[in-house]
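S.K.: Just need the structure, nothing else, for what follows:
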Amino acid sequence: DSFALSVAGSLNTSQSSGNSIDISAAGAGNGNLINNSITAGAFSTSLTANGGGVSIIANDIAEITALAGDAGLSIETSSRSGLGVDLGAAGSSNGITNTPLALIDDTDVSASGDVAVSASSTGSITADAFAVDLAVSTGSSTGSSVNLNATVAVTVNTIGNTARAEILDTDRSDDEVIDA
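M.R.: Numbering: from 1, shown residues only. Below you'll find the predicted structure:
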């Protein structure tokens, strides 16, 4: 499991009776990658289950929770001229690529019940990104004030799991159950 929190903020204030230029920028981001290889198996051996069956199980559960945020505030007051620029960005990139493998390979199996081989993989991503910007601009009749703001919030998530269950080169006379 993975949890990530990224937060950034900016504040831009100005009060001018002459020329004024103010620029502020902030950004927050996070990236998470879970890449697990899980193997459960019997390899080049013998298995005996006198009172039941044989089960080989590879199970994977992966979760990512991510939050990225940016907040900005720009205040510009002027009696002659002024300019305020506030930029903000927040992003989150997350991925899960797991490969569980359940395998019986080159193994003699003797069981009175079923021989079961099962592999499964579950992935979940909860990701939020936010960007907020507030601008206040005032000017008088003898001057001007300009405020420019830009914000962006992006999240990109991918899940690409591959589960595999196999019985290879194995002598077995009873029922076999393969689930992937």
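S.K.: For the residue positioned nearest the centre of the chain, give me its contacts.
M.R.: Note on the chain: the residue nearest the mean C-alpha position is Asn94, at 2.6 Å, using Cα atoms, centre = their mean. With contacts defined as Cβ atoms under 8 Å, 6 or more residues apart in numbering, the neighbours of Asn94 are 2, 31-33, 64, 66, 125, 127, 155-158. Heads up, the C-betas are built off the backbone N, CA and C, glycines and all.
S.K.: any idea how far Leu33 is from it?
M.R.: Between Asn94 and Leu33 the distance is 7 Å, computed by Cβ to Cβ, to the nearest Å.
S.K.: Same question for Leu101.
M.R.: As judged by Cβ to Cβ, Leu101 and Leu33 stand 20 Å apart.
S.K.: residue ranges with poor pLDDT in this structure?
M.R.: Using pLDDT under 70 as the threshold, the predicted model of the chain has low-confidence ranges 12-18, 76, 78-82, 137-145, 171-180.
S.K.: Try it again at 80.
M.R.: Across the chain, the ranges flagged by pLDDT under 80 are 1-25, 73-86, 134-149, 170-180.
S.K.: Please, where are all the strands along it?
M.R.: With DSSP state E as the criterion, the chain has strands at 2-16, 21-34, 37-43, 46-49, 54-78, 83-96, 99-105, 108-111, 115-139, 146-159, 164-168, 176-179.
S.K.: and the fifth one, which strands flank it?
M.R.: On the basis of DSSP bridges, the sheet neighbours of strand 54-78 come out as strand 2-16 (parallel), strand 115-139 (parallel).
S.K.: Need the winner for burial among those.
M.R.: Among those, ranked by average contacts under mean count of other Cβ atoms under 10 Å, first place goes to strand 115-139 (a mean of 18).
S.K.: what angle do it and strand 21-34 make?
M.R.: Using axes from the mean of the first three to the mean of the last three Cα atoms, to 10 degrees, the inter-axis angle of strand 115-139 relative to strand 21-34 is 180 degrees.
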